[in-house]
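> Give the three-dimensional model of this entry:
(4 chains, ligands or ions: 4)
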Number of protein chains: 2
Amino acid sequence: MLNQQERSRTWLQELKHNGYRLTSPRKAVVEVMANSDTVLSPAEVYDIGRGRYAKLGLVTVYRTLEKLEAMGLVQRVHRPDGCEAFIAGVEGHQHLLICENCGRVEYFGGDKLDGLIDKVQGDSGYEIRDHWLQFFGLCRACQRNN
Amino acid sequence: MLNQQERSRTWLQELKHNGYRLTSPRKAVVEVMANSDTVLSPAEVYDIGRGRYAKLGLVTVYRTLEKLEAMGLVQRVHRPDGCEAFIAGVEGHQHLLICENCGRVEYFGGDKLDGLIDKVQGDSGYEIRDHWLQFFGLCRACQRNN
DNA sequence: TCAATTATGAAAACGTTTTTCAGTAAAGAA
DNA sequence: TTCTTTACTGAAAAACGTTTTCATAATTGA
Ligand SMILES: [Mn+2]
Ligand SMILES: [Mn+2]
Ligand SMILES: [Zn+2]
Ligand SMILES: [Zn+2]
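Ligands and ions are numbered 1, 2, ... in the order given. This next block holds a predicted model:
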């Protein structure tokens, strides 16, 4: 796993690679997302990002998140109360473990769903093409403070 | 599993039980939701519901869905493109299999996640309290038509 | 340095959901 | 059945998050 500063640099290179210009507002959004291990809404990215670039506009936050999502660098996180939060993504197929209290996210793999998928496919007649698996709970810090 | 007419009747009784009045707009919303096996947005419930009760208002659709959700009779369905769709719920812990094309939903159980949950819990230090498992694909009808 | 072009943020527009409110209707009592 | 209470309704307005528009500013490569 890259550390956070490396991640920022990589993302900026990646943006450049895709023909996008490297601007101050974009750098601010990239740094916020690349340095966060909790899910953030566009409004939260905006609030934090203005600490790095005071003139940042909310519109640019939306536009930059959209690009980062399209490039697979951030992903949208779905939670019971809504689906408007973003987190730095990881390569390949992974699953999320999300703290219900603070939004801190970890990734895990190792699901063994093939057998279940085959069974459900057979029972239902559906052709299963994708799956979501997410765990919710309390991170270590939030276990202590709640 | 109850059939759909029975489900409507049960839901209306349940509403009455909880101290709510049985009104024509509520009956319309209940019938729409109880008779549908596909996810429906509030606007879709409204459109279909007006076929049963022409004066139905969209506001009442929202208000009734809210009550049905609180009573556990319908549940919100999360999909990659949004989380504003509702489906009739089932008792107990179940998982959804959703047609990406038409929104038809089936339920399945039988996940064996305990081992994985223990492992992820140990690795991460999180206390895992809940999980989501959803499958996406194409229902039988949509396999033929796509 | 310059010109071409992309990117920006303020403001307006948008679609969805929630609130407000005056009128309506359900339900229980008489 | 009629009456009375009170919950419920839908239209309109407000609020909300997101997207579009557009004139200006900044990045980039020449
Ligand atoms: Mn998986
Ligand atoms: Mn389960
Ligand atoms: Zn936490
Ligand atoms: Zn289908």
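
> then stretch A:98-105 to PDB, C-alphas only?
Included here for stretch A:98-105 are C-alpha records, laid out as PDB according to Å, rounded to 0.1, in the frame of the first residue of the first chain:
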ATOM      1  CA  ILE A  98     -16.900   0.600   7.500                       C
ATOM      2  CA  CYS A  99     -17.000   2.200  11.000                       C
ATOM      3  CA  GLU A 100     -20.600   3.100  11.600                       C
ATOM      4  CA  ASN A 101     -19.500   5.900  13.900                       C
ATOM      5  CA  CYS A 102     -16.600   7.700  12.300                       C
ATOM      6  CA  GLY A 103     -16.600   6.400   8.700                       C
ATOM      7  CA  ARG A 104     -13.100   4.900   8.900                       C
ATOM      8  CA  VAL A 105     -12.700   2.300   6.200                       C
END
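
> Is the residue nearest to residue A:37 when sequence neighbours are not counted bridged to anything, and to what?
Spatially, and ignoring its direct neighbours in sequence, residue A:37 is nearest to residue A:104 (5.7 Å; CB to CB, 6 or more residues apart in numbering or on different chains). In this view, the C-beta of every residue, glycine as well, is placed from N, C-alpha and C. Taking DSSP bridges as the rule, residue A:104 bridges to residue A:38.

> from what I can see residue A:104 touches residue A:139, true?
Yes: using CB atoms under 8 Å, residue A:104 makes contact with residue A:139 at a distance of 4.6 Å.

> of these two, who's got more company?
In this view residue A:104 and residue A:139 are compared by other CB atoms under 10 Å in any protein chain shown, and residue A:139 has more residues nearby, 24 against 21.

> and the gap between the nearest residue to residue A:35 once chain neighbours are set aside and chain B?
Residue nearest to residue A:35 in three dimensions, not counting chain neighbours: residue A:4, with 4.5 Å by CB to CB, 6+ apart. Distance check for residue A:4 against chain B: by CB to the nearest CB, to the nearest Å, it reads 19 Å.

> And the pLDDT at residue A:4?
At residue A:4 the predicted local distance difference test score is 74.

> quick one: it and residue A:32 touch, right?
No: under the criterion of CB under 8 Å, residue A:4 is not in contact with residue A:32, lying 10.6 Å apart.

> The two: who's more crowded?
In this comparison of residue A:4 against residue A:32, neighbours counted by other CB under 10 Å, the higher total goes to residue A:32 at 25 against 15.

> Where does that one fall, secondary structure wise?
Counting by DSSP states H and E, the secondary-structure element that holds residue A:32 is helix A:24-35.

> who does that helix touch, helix- and strand-wise?
Helix A:24-35 sits against helix A:4-17, helix A:42-52, helix A:58-70, strand A:82-88, with contacts defined as 3 or more CB pairs under 8 Å, 6 or more residues apart in numbering or on different chains; DSSP states H and E.
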